[in-house]
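>>> have a look at this prediction, sequence included:
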Amino acid sequence: MTITVPNSVTHDILRDEGAYIAQAVTATKLGQEDRTQITARAAGLVRDIRGSDTPGLMEVFLAEYGLSTSEGVALMCLAEALLRVPDAATIDDLIEDKIAPSDWGTHLGKSASSLVNASTWALMLTGRVLDERSKSAAATLRGAVKRLGEPVIRTAVGRAMREMGRQFVLGESIDSAMTRAAKMEARGYSYSYDMLGEAARTMDDAKRYHTAYGRAIRAIGARATGNDIRTNPGISVKLSALHPRYEVAQEERVMAELVPRARELARLAAALGLGFNIDAEESDRLALSLKVIDRVLDDPALEGWDGFGVVVQAYGPRAADTIDWLAAKAESCDRKLMVRLVKGAYWDTEIKRAQVMGLDGFPVLTQKPASDVNFIACARKLLAARVRLYPQFATHNAHTVAAVLHMAEGMGVDPADYEFQRLHGMGETLHDIVLRNEGTRCRIYAPVGAHKDLLAYLVRRLLENGANSSFVNQIVDENVPPAEVAACPFAALESAPKGLNPKIATGPDLFGKDRRNAKGWDLTDARDLESIAQARGPWADATFVAGPLIAGTVAGGAPYDARNPARPDDLLGQVTPAAPQDVQTALAAATAWQADAATRATVLNRAADLYEQHFGAFFAILAREAGKSQLDAVGELREAVDFLRYYAGQADGLTHPARGVFTCISPWNFPLAIFTGQIAGALSAGNGVLAKPAEQTPITAHYAARLLHDAGAPRDVLQLLPGDGATVGAALTSDARVHGVAFTGSTDTAKLIQRAMADHMAPGAPLIAETGGLNAMIVDSTALPEQAVRDVLASSFQSAGQRCSALRCLYVQEDVAPEFERMLFGAMDELRLDDPWHLASDVGPVIDADAHSQIADYVAAARAEGRVLHELNAPEQGHFVAPVALRVRGIADLKREVFGPVLHIARFKASDLDRVIADVNATGYGLTFGLHTRIDGRVQHVVDRVHAGNMYVNRNQIGAIVGSQPFGGEGLSGTGPKAGGPHYLARFTGAQAQTVTRQTPYLPAGAVAKAVGPDITSIATEHGLPGPTGESNRLREVTRAPLLCLGPGTDLAAMQVSAVEALGGRAIALDGVPQDLDRADGFSGVLFWGDAGTARQIAQALAQRDGPIVPLITDQPDRAHVMLERHLCVDTTASGGNAQLLAEVAA
């Protein structure tokens, strides 16, 4: 019978850690005397282990190469990548990258293990060979050896890594593993085999893993003896290996497709009398895993079999509730279940995920002693439930072992009624002693598979146990007394701060006390999903009315219907566009905001709170009007809130007055976030705003503008004018009563706006433009394919590819391209195109029929040329475009940005990396760029050469967090300054310059070329920005091409040069106005403080230029006029985990 997974598991995910652990301490039923006895017993075990002449290799290895050493981290990264790299050149680069910078000599001869010492000696020699940092005679000799000896080094390091693999992988096949296991089985150990491999990305992968599991079960069964599950070997299965979409959003598919596979394997194991364990994975899948287990266990074919097992992670506060559910399920099935209790394997991943999502807590305990205590509390629960549950305690910690033995003895539990477990290659001496002295059982959890598949497993083990404070790390360090190694976690908790670990910021506190992070929603949390459903419900079929919001009477144009792009029969409501007289009314009434900075900040912060309170309406409107999935709607609302709070926090720091009135023209692809960001920036600086939203998304804008008014923005300061470009946009960008324009949209439209402004507005009125991109990603042969495929899918097809940051051209190193493309196309097949209202939808519609026909025509032309590599099918209803991959030779084949789910793929040789970079730069666009590699030196090489505003390494290249990842491009992709960055607000203010009216001479064509020197950019500053753990965010300022300082007159030109240079920029003074400003190269802007007539002529000449927008500056320049801003975001956990977080928390 079905046992419903309780709310304590599905809903109560984020708990009060202090209160929970207080309950866990009570649940252990261990008084002070018990604790003292346990600690003494544990210290005795430590002494016995140290007295043994066979310390385990992993313990010895970690004692020498823990996460506190750069060598330990380098080895982790090398082990993670080396064995999967097929080409020699990249192997050599990877080895040099990881080995040369490290100080291996400090470890020589220190280890008790000859193998570790031999490895140190080899690595030290290799490091010396590869390290050419000093130019001594010896270095020159080593350089020669490097040139002559790369194959030797390659072979040696590869062999060392395979030897390391052999130590921690029982066998490359199940047969070789069982043969090797026989020796330990003869000593009384049993085994549980874990088939190595990443989670399935494709259905073919899932079927392959399923087949491999089946083969392994049969092979194990052939060698099993007797009918006792407790002594027979078993197998561990990862549900993520059996289905490529094992996730909450795809629960319907999981139950229909994954359950039969798991059931088939369970039946096979039951027939052969084996143990069959479902491995634990990330916490967001816990409830789903229990639903799968519930369904599998209801199979009548499994009746009478006690071999079904489940892994429970004690670092999760839901562990005890999970055990209670398993006991109830076992009772309902009238049989026993095995429960393997572990500390937990994804702690650092869980911390980062919760921070990224803005959650106000964590699904795991944040203090290590809390996990140790919770393990002991759960162990008591398991021992008490032994009639229905067979406890399996997986630990290498002497204190935990001593606690289990103490409780079992006190409860009168027969040693045959539970077992300990250890990992192959770890905890050997500890469990030899316990097995010999206590008569308990011990099972070895042993990975099986090719050494190249070892990487994720080994790195995870290194991370779990590599911190200085871990038991495994300390056990062989004689400097740490036994009593300290076996320290009591209860005592540690009493002296630690109560509740969450103070070293770890929650989502809301990520940016410190000055700015509260936007509220997050977890779309795998049943509580959040129910909250969203309840809040969206009233708006699911609501009818909206939208129109101008101006400081005057609305005339209004002809109303039109707004329809859902996913379901055109869904009528959202009526939109009344602004009539020409409405635009004039708004222009006449528009005024700067006279309130002080504190008042403006209060209003913006109040608006942010209102936005969050109205999340249900926003999520509904974004889905129905803009085709936004729930994931995208959450991201969009959070970004809008972040803009409001971030700019509110900067209002008081502005040193110059507002310019007056700004026109803000926002796009349909981010109808809330960009709409809000532009307005918030202008308002924070004290400007009035005339907001023109995109024609396709006026309802979103209208709802947001009303909330901004409700928050306190005056009606004459913020006015909304929905309508088309010809009626509204043209008028708002060609009126002298407007003092600047913020625009996000196409490059071509930005150029038209620049020309209109030059003709009609005051010369020098700023245009802040964020435009399109031809964005590339490079994937080299060191990249982990599963990660890169995940990130390519998100970068190309999330939001139906309708992001200016989206990946358009993917370069894959030819050595891995065939297999990579196979995996990518298989993963594409798993995407679901559906109404984005539904959680299961991955890809929604494109915005309208025009967009649909343009993209469809483009793909049809590619199909006619035979360039379609892979294409999905689109629903017939709505404006859906099927995701498609097209073959190209390189990015030069892309003649324009195709704004939809279209990915172009090119292959490249490892030796052609610099040519690829040059081709990407040659497009003239510079918005986003992605790179997947494990070579740190290559990251630096590429980042130093690519011209892009936002670069992403080992992650997707979409999404930019306000204040953490300021967003905006260069070249054809935008003017700067970056939105959500430190310089954005300054452009909405003006510092008046000294102006004179005097005759200005004209200089002949060629004057600029003669004055401009070589284009030498330099890095002016680089600094880190706040963000989640496991991620590096750095903002680099690079000098722009020089500004032309045209005076008029040498005195003003000299003042202009001084102003530019004071900001760190480059300047060229000219005594006159060059006649070829409309076409000359080599400069990035023009300073002119003279008469309005000449200034307008200069502005008009600059507006006629092809290529990037070049500004005329008629007041004092700001920092972003002289500096390009380039942001780099690196996922520092890509090699398998967050070494930095683990080391920091352990410190």
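Here it is on my side, so go on.

>>> geometric centre of the chain: which residue is closest?
The residue lying closest to the centre of the chain (C-alpha atoms, centre = their mean) is residue 955, at 5.7 Å.

>>> surely that one touches residue 788?
No. The pair formed by residue 955 and residue 788 falls short of the contact definition of C-beta atoms under 8 Å, at 10.0 Å. C-beta: built from backbone N, CA, C; applies to glycine.

>>> helices along the stretch 701-850 of the chain, start to end?
With DSSP state H, counting those that start in this stretch applied, the stretch 701-850 of the chain shows helices at 730-732, 747-760, 785-797, 817-829, 849-864, listed in chain order.

>>> quick one: closest of the ones you listed to residue 241.
Comparing the helices of the stretch 701-850 of the chain by their distance to residue 241 (C-beta to C-beta), the top pick is helix 785-797, with 11.4 Å.

>>> what's that closest one packed up against?
Packed against helix 785-797, as judged by 3 or more C-beta pairs under 8 Å, 6 or more residues apart in numbering; DSSP states H and E, are the following elements: strand 775-779, strand 807-813, helix 817-829, strand 902-908, strand 928-932.

>>> need the three-state assignment for the most far-flung residue of the chain relative to its centre.
Among the C-alpha atoms of the chain, the one most distant from their mean position (C-alpha atoms, centre = their mean) is that of residue 999, at 56.7 Å. With DSSP: H, G, I helix; E, B strand; the rest coil as the basis, residue 999 sits in coil.

>>> what's near enough to touch it?
If you count contacts by C-beta atoms under 8 Å, 6 or more residues apart in numbering, residue 999 has them with residue 1048.

>>> and residue 85, by the same measure?
Taking C-beta under 8 Å, 6+ apart as the contact definition, residue 85 lies against 91, 94, 781-782.

>>> about what we covered before: the residue nearest to the centre of the chain and residue 783: what is the separation?
When distances are taken as C-beta to C-beta, to the nearest Å, residue 955 and residue 783 turn out to be 12 Å apart.

>>> now do the strands in the stretch 451-600 of the chain.
Counting by DSSP state E, counting those that start in this stretch, one finds strands in the stretch 451-600 of the chain at the ranges 544-546, 560-563, 571-575.

>>> give me the sheet partners of the first one and which way each runs.
Looking back up the chat, that one is strand 544-546. In the sheet containing strand 544-546, its partner strands are strand 571-575 (parallel), by DSSP bridges.

>>> how distant is the strand it pairs with from the center of its chain?
Offset of strand 571-575 from its chain centre (C-alpha atoms, centre = their mean, to the nearest Å): 36 Å.

>>> next, the buried residues of it.
Buried residues in strand 571-575, counting neighbours by 16 or more other C-beta atoms under 10 Å, are found at 572-573, 575.

>>> and it, what's its mean pLDDT?
Summarised as a single mean, pLDDT over strand 571-575 is 97.

>>> export only the CA atoms of that strand, formatted as CSV.
What follows is the C-alpha trace of strand 571-575 in CSV, where atoms were taken according to Å, rounded to 0.1, in the frame of the first residue of the first chain:
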residue,chain,number,x,y,z
LEU,A,571,-7.1,36.6,-23.9
LEU,A,572,-5.2,38.6,-21.2
GLY,A,573,-7.2,41.7,-21.7
GLN,A,574,-7.2,45.1,-23.5
VAL,A,575,-4.4,47.5,-24.0
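
>>> who touches that strand?
Outside of strand 571-575, the residues that reach it under the criterion C-beta under 8 Å, 6+ apart are 542-547, 559-564, 621, 624-625, 698-699, 722.

>>> just the buried subset of these, please.
Listed as buried from these are 544, 546-547, 562-564, 621, 624-625, 698-699, 722; burial here means 16+ other C-beta under 10 Å.

>>> ok so, going back, got the confidence number for the residue farthest from the centre of the chain?
Reading off the confidence values, residue 999 has pLDDT 89.

>>> contacts only, for the closest residue to residue 552 other than its chain neighbours.
Sequence neighbours aside, residue 585 is the residue nearest to residue 552 in space, at 4.0 Å (criterion: C-beta to C-beta, 6 or more residues apart in numbering). Taking C-beta under 8 Å, 6+ apart as the contact definition, residue 585 lies against 550-553, 555.

>>> which of these tops the neighbour count?
residue 550 (24 neighbours; other C-beta atoms under 10 Å).
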